[in-house]
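Undergrad: Provided below are the primary sequence and the corresponding predicted coordinates.
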Amino acid sequence: MHDETQNITDLLVAAGRKAREETSNTPEPELTQPVQWPVTCTVGPGLEGAIACESKIGYVNGAKGWLIYRGYDIFDLCAHATFEEVSYLLMHGTLPTVKQLKTFKNKLVQYRFLNATLRLLMGFEVEKMNAMAALRLGTNLMRQEFTFVDQEEGRPTTVDAIGADEDSIPMETAPRGERQAIYEFKRSRMAAKKRAGQQLEDAGGIEACYHLISGVATLTAAIARVRQGHMPIEPDPELSHAANLLYMITGQRPSPVEERVMDIALILHADHGMNASTFSSMVVASTLSDVYFSVGAGIAALNGPLHGGANEQVIRTLDEIGKPGNVKAWLDNALNKKIKIAGFGHRVYKAYDPRARILGPLAQFLVERNEGKKTLFQTAHKLEGEVSTRLAAQKGIFPNVDFYSGIVYSCLGIQPEMFTPIFAVSRVSGWSARVLEYLQNNRIFRPRAMYTGEFNNAFVPLAERDKRSH
């Protein structure tokens, strides 16, 4: 099996080499330098193009198909690192030493065990819930188990609080604005509390992030088990993060190949710029809420069909097409009816998504060992060829991360409804890292809306409104 995992590494190295041959090595100068505030930029609806902050965590270059974590190319990280190493990198800014990695992994193993949280979660009808709703509930219950912030002594004091949105006034007072916030909310740090021999945290620091990186995986696996009519499985402290996730979902210890592929999938989804779920997490954190609520906001945003869940739709599409021979007719019909084709195109990427460059070969590698998924992959491969021939050159539409990830997850024994929670298992590292980074120079998010309503309306008493309406 060692030879097979080496084959996977060779595939990733080749994919990275091909990607680099097709693009230059020059980043975007306008988006890769310190910001001189206030900044001038072109902003579209939904804050598209707005510059909200600086970050050293991740960089996406959509025109060239780049994905960078802390200066490291995604192809190199997938080929040579583990998810634990990448999580540490995102959180701390450097790849860990042997000692640092051992300490970090030991913490993750320790925090996998959520007995009290799972007991509470099982009190709900998880099998009838949207899996993402159950996951968001689970993170809230983790907050109850590991922190004291919902206890009376955990509340911010009224002395610390400021008036609603008062911090934003200087930025909104034209024509004069302040470079720094005049009124800053400073919540005092409380000492850790103890409950029944358990150390409780304040939910705002690095340990809370570690809890969530481990805990979201445990919760996701438990939800998957319950939805299939099984009881949750106890974590195995001897397994890696990726292997343990698969073990707790399927009930079987994964092979080295399965572990390696799951590890790569988690690395690929760990961070991706200022996307909707990351931004949601940061907005909540900017109010000086806490990491648990911030990650919960990320999960809520990821639940939306415009953000997460496209890989689940890809599987439905491929099942609908049926076989490679049906692709051309299906695509003709879809294009004529202007039906969006799941798994193609991206808000950022106008080149081939680097994550799809990795997941495509991985999917092919897995289906060669899984006879039942071959038709699914062959149909996907045929569909990619047809779409690329018709749309790639003229419209810049290529496969995105979701096109092949669902096939990969299916080969690993993961049910389609759990694809988006698996996304969250990975992305919690990026959410946490970006929240901690932003809080170092925090300013509450407060964009403006352009008012296009009426003025000078005369108030009509209630008794006269019906008369006027007639």
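TA: Happy to help now that I have it. Numbering: from 1, shown residues only.

Undergrad: just for the stretch 301-450 of the chain, where's the confidence low?
TA: Low-confidence segments of the stretch 301-450 of the chain (pLDDT under 70): 392-394.

Undergrad: got it, and the stretch 101-250 of the chain?
TA: The low-confidence ranges in the stretch 101-250 of the chain, as defined by pLDDT under 70, are 150-204.

Undergrad: where do the strands sit along this structure?
TA: Read by DSSP state E, the chain holds these strands, from start to end of the chain: 58-61, 66-69, 72-73, 193-195, 198-200.

Undergrad: mind checking how far the first one is from the chain centre?
TA: Averaging C-alpha positions (CA atoms, centre = their mean, to the nearest Å) puts strand 58-61 14 Å from its chain's average.

Undergrad: contacts for it, please.
TA: 27-28, 31-32, 66-70, 90, 271-273, 348-349, 430 (CB atoms under 8 Å, 6 or more residues apart in numbering). C-betas here are computed from N, CA, C, even on glycine.

Undergrad: pLDDT (mean, whole number) over that strand?
TA: Taken as a whole, strand 58-61 has a mean pLDDT of 92.

Undergrad: quick revisit: in PyMOL, how would I select just the buried ones from the contacts of strand 58-61?
TA: In PyMOL, a selection of the buried entries from the contacts of strand 58-61 looks like this (16 or more other CB atoms under 10 Å):
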select buried, resi 66+67+68+69+70+90+271+272+273+348+349+430
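
Undergrad: just name the closest of the contacts of strand 58-61 to E437, please.
TA: L90 (9.5 Å; CB to CB).

Undergrad: and that closest one, what does it touch?
TA: With contact taken as CB under 8 Å, 6+ apart, L90 is in contact with I57, G58, Y69, R70, A270, D271, S429, G430, S432, A433.

Undergrad: of those residues, closest to V367?
TA: When these are compared for distance to V367 (CB to CB), A270 wins out at 24.8 Å.

Undergrad: wouldn't the closest one be in contact with Y69 here?
TA: Yes: under the contact definition of CB atoms under 8 Å, A270 touches Y69, with a separation of 7.0 Å.

Undergrad: excluding covalently adjacent residues, which one is nearest to M262?
TA: In space, and not counting its chain neighbours, M262 is closest to A242: 4.0 Å by CB to CB, 6 or more residues apart in numbering.

Undergrad: that neighbour: neighbouring residues, count only.
TA: Taking other CB atoms under 10 Å as the criterion, the count of residues near A242 is 26.

Undergrad: do the same with N442
TA: 18.

Undergrad: show me the contacts for the residue lying closest to it once chain neighbours are set aside.
TA: Spatial nearest neighbour of N442, chain neighbours left out: S286 (5.8 Å); criterion: CB to CB, 6+ apart. Contacts for S286 were tallied using CB under 8 Å, 6+ apart; they are Y438, L439, N442, R443, I444, F445.

Undergrad: and S286, what pLDDT?
TA: pLDDT for S286: 94.

Undergrad: and the one 4 residues further on, by the same measure?
TA: Per-residue pLDDT puts D290 at 90.

Undergrad: that one against T147, yeah?
TA: Yes: when contacts are counted by CB under 8 Å, D290 is listed as touching T147 (7.4 Å).

Undergrad: what about the nearest residue to N333 once chain neighbours are set aside, neighbour count?
TA: Computed as CB to CB, 6+ apart, the closest residue to N333 that is not its neighbour in sequence is I339, at 7.9 Å. Other residues within reach of I339, judged by other CB under 10 Å, total 12.

Undergrad: one more: Q110?
TA: Applying other CB under 10 Å, we find 13 other residues in the vicinity of Q110.

Undergrad: ok, it - contacts?
TA: By CB under 8 Å, 6+ apart, Q110 lies in contact with S214.

Undergrad: gap between it and S286?
TA: Taking CB to CB, to the nearest Å as the criterion, Q110 is separated from S286 by 30 Å.

Undergrad: check D10 too.
TA: According to CB to CB, D10 stands 44 Å off from S286.

Undergrad: got it, and D73?
TA: Spatial separation of D73 from S286 under the definition CB to CB is 30 Å.

Undergrad: quick one, what contacts the nearest residue to G93 once chain neighbours are set aside?
TA: Using CB to CB, 6+ apart and skipping residues adjacent in sequence, the residue nearest G93 is R70, 6.1 Å away. Contact partners of R70, counting by CB under 8 Å, 6+ apart, are K56, I57, G58, L89, L90, G93, T94.

Undergrad: okay, those in JSON lines with distance to A310 next?
TA: Conversion of the contacts of R70 to JSON lines gives the following (distance: CB to CB, whole Å):
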{"residue": "K56", "distance to A310": "29"}
{"residue": "I57", "distance to A310": "24"}
{"residue": "G58", "distance to A310": "20"}
{"residue": "L89", "distance to A310": "27"}
{"residue": "L90", "distance to A310": "23"}
{"residue": "G93", "distance to A310": "31"}
{"residue": "T94", "distance to A310": "33"}
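
Undergrad: now, which of those residues sits nearest T220?
TA: Using CB to CB, L90 comes nearest to T220 of these, at 19.0 Å.

Undergrad: check contacts around the closest residue to that closest one other than its chain neighbours.
TA: Of all residues beyond its chain neighbours, the one nearest L90 is A433 (4.1 Å), with distances taken as CB to CB, 6+ apart. For A433, the set of contacting residues under the criterion of CB under 8 Å, 6+ apart consists of I57, L90, M91, C209, D271.

Undergrad: what count of nearby residues applies to the fourth one?
TA: Other residues near C209 number 24, with proximity taken as other CB under 10 Å.

Undergrad: touching, it and L436? I think so.
TA: Yes: using CB under 8 Å, C209 and L436 qualify as a contacting pair, with a distance of 6.7 Å.

Undergrad: overlap in contacts of those two?
TA: M91, V291.

Undergrad: please, where are all the helices along the stretch 201-350 of the chain?
TA: The residue ranges that make up the helices of the stretch 201-350 of the chain, judged by DSSP state H, counting those that start in this stretch, are 206-227, 241-250, 256-268, 276-286, 291-302, 310-321, 327-336.

Undergrad: distance to K467 added to those, as a markdown table?
TA: Output for the helices of the stretch 201-350 of the chain, formatted as a markdown table (distance: least, CB to CB, whole Å):
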| stretch | distance to K467 |
| --- | --- |
| helix 206-227 | 56 |
| helix 241-250 | 64 |
| helix 256-268 | 64 |
| helix 276-286 | 45 |
| helix 291-302 | 45 |
| helix 310-321 | 52 |
| helix 327-336 | 53 |
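
Undergrad: E85 is nearest to which of those?
TA: Ranking those by distance to E85, with CB to CB as the measure, places helix 256-268 first at 8.8 Å.

Undergrad: give me the buried positions along that closest one.
TA: So for helix 256-268, counting by 16+ other CB under 10 Å, buried means V257, E258, E259, R260, V261, M262, D263, I264, A265, L266, I267, L268.

Undergrad: how close does the second one sit to V408?
TA: Okay, so that is E258. Going from E258 to V408 by CB to CB gives 10 Å.
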